[in-house]
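Engineer: sequence plus the predicted model coming up.
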Amino acid sequence: MIRKSILSLLSACLWAAGPSFAAGPDFDGKLRDAVASPSLPAMAPTPTGAMLTLFTIDGMRQVRMPAPKLGVLSAQNVTAFTDPVTNLTYTFDDDVPADIQKQMRDDLAFIGGLKGNGASGLHKEIFGQVDGPTYARFFETRVTAIGMSECGGGNAVACVMPFFNSSKMWLTQNFIKFSHPQIARLMIVFHESRHTEDANGNWSHARCPKPFLGKDGQEIKSIWTGAALAGEPACDKTPLGSYGSSMIMLKNVQKFCASCTEKVRMDAGLYADDQFKRIIDAKARQEMLKDLY
Ligand SMILES: [Zn+2]
């Protein structure tokens with residue numbers, strides 16, 4: 001509750017300098033404490049913007065964003081879109097380009113139309129059955145607003161900033177330039193949607209080991225950017241976090257999607273197998289192996 005009240009204060013003064021409420025370097029469950037630090041920032045506006053924790057597909061990043069690029073404080077006009085599958089409504093800020101809005105709606109229409117013929121135990125626990133409307137509802141009950149951001153730059157496609165707004169997802173220009181398949185893009189936005197869950201500490205990530213080597217002895221790198229992951233906060237210790245849940249979703253699409261093409265199911269399996277490498281806890285890995293392989 002403390003966190004909520006601090007958050008509403010922060011919402012009112014996001015331009016304030018932020019190092020004192022930025023998350024600490026320990027990424028294993030300490031973020032909430034760091035955010036609930038009693039030392040509140042001064043309310044005076046600053047041109048340098050705020051420190052924010054971004055969750056992208058390659059982990060958590062602390063960024064000081066130039067205030068104008070943040071695009072989150074100024075009162076924006078929004079366009080509401082009601083998903084015909086779920087009847088749930090989400091909004092796009094008016095600065096989200098039309099082609100990016102269309103891509104997002106198309107992706108949600110694709111996943112919302114999916115038909116399955118089974119589900120693994122972990123999938124049932126997190127999502128329910130492999131079923132389009134179930135996926136669309138999962139997403140749209142967590143993400144109700146979509147805006148544009150650079151998401152810290154680099155090759156980021158989407159991000160959330162749960163300590164600023166827990167029900168908003170930010171897309172970047174890369175959302176339509178992305179060279180990975182549609183099911184992989186959906187993996188990213190479902191990964192992000194899991195981070196909106198305040199009640200679960202936003203499923204903060206764990207640091208990948210250093211060195212971080214695969215069974216073949218080779219260094220494990222990001223499938224999204226090719227960057228080395230050793231020592232980065234880009235792994236999970238639970239099957240239920242962002243990496244685990246989106247991996248479980250795609251592995252189930254591979255195994256149980258009745259309406260998908262062979263190509264979609266193959267891609268789903270490929271990206272699921274890749275993200276499984278980011279689960280670093282032996283017990284969690286065992287549980288997922290038993291459930292999915
Ligand atoms: Zn994440």
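Structural biologist: Structure's in. What do you need? Residues are numbered from 1 along each chain as shown.
Engineer: okay, now the domains of this structure?
Structural biologist: The chain breaks down by automatic domain parsing into domains covering 2-55+62-70, 78-203.
Engineer: redo these as TSV? Include distance to the ion and mean pLDDT.
Structural biologist: Every C-beta, even on glycine, is put in place using the N, C-alpha and C of the backbone. As requested, these are arranged in TSV below (distance: least, CB to the ion, whole Å; pLDDT from 0 to 100):
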stretch	distance to the ion	mean pLDDT
domain 2-55+62-70	4	42
domain 78-203	6	95
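Engineer: between those domains, which one is closest to G269.
Structural biologist: Of all the domains of the chain, the one in closest proximity to G269, counting by CB to CB, is domain 78-203 (9.7 Å).
Engineer: which stretches of this protein form helices?
Structural biologist: When secondary structure is read from DSSP state H, the chain shows helices at 2-12, 31-35, 67-70, 98-112, 121-126, 132-140, 174-177, 182-194, 242-256, 262-276, 282-292.
Engineer: want to throw those helices into JSON lines with distance to A156?
Structural biologist: Listed next are the helices of the chain as JSON lines, based on distance: least, CB to CB, whole Å:
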{"stretch": "helix 2-12", "distance to A156": "22"}
{"stretch": "helix 31-35", "distance to A156": "19"}
{"stretch": "helix 67-70", "distance to A156": "13"}
{"stretch": "helix 98-112", "distance to A156": "14"}
{"stretch": "helix 121-126", "distance to A156": "24"}
{"stretch": "helix 132-140", "distance to A156": "19"}
{"stretch": "helix 174-177", "distance to A156": "7"}
{"stretch": "helix 182-194", "distance to A156": "9"}
{"stretch": "helix 242-256", "distance to A156": "14"}
{"stretch": "helix 262-276", "distance to A156": "16"}
{"stretch": "helix 282-292", "distance to A156": "26"}
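Engineer: just name the most buried of these.
Structural biologist: helix 242-256 (a mean of 25; mean count of other CB atoms under 10 Å).
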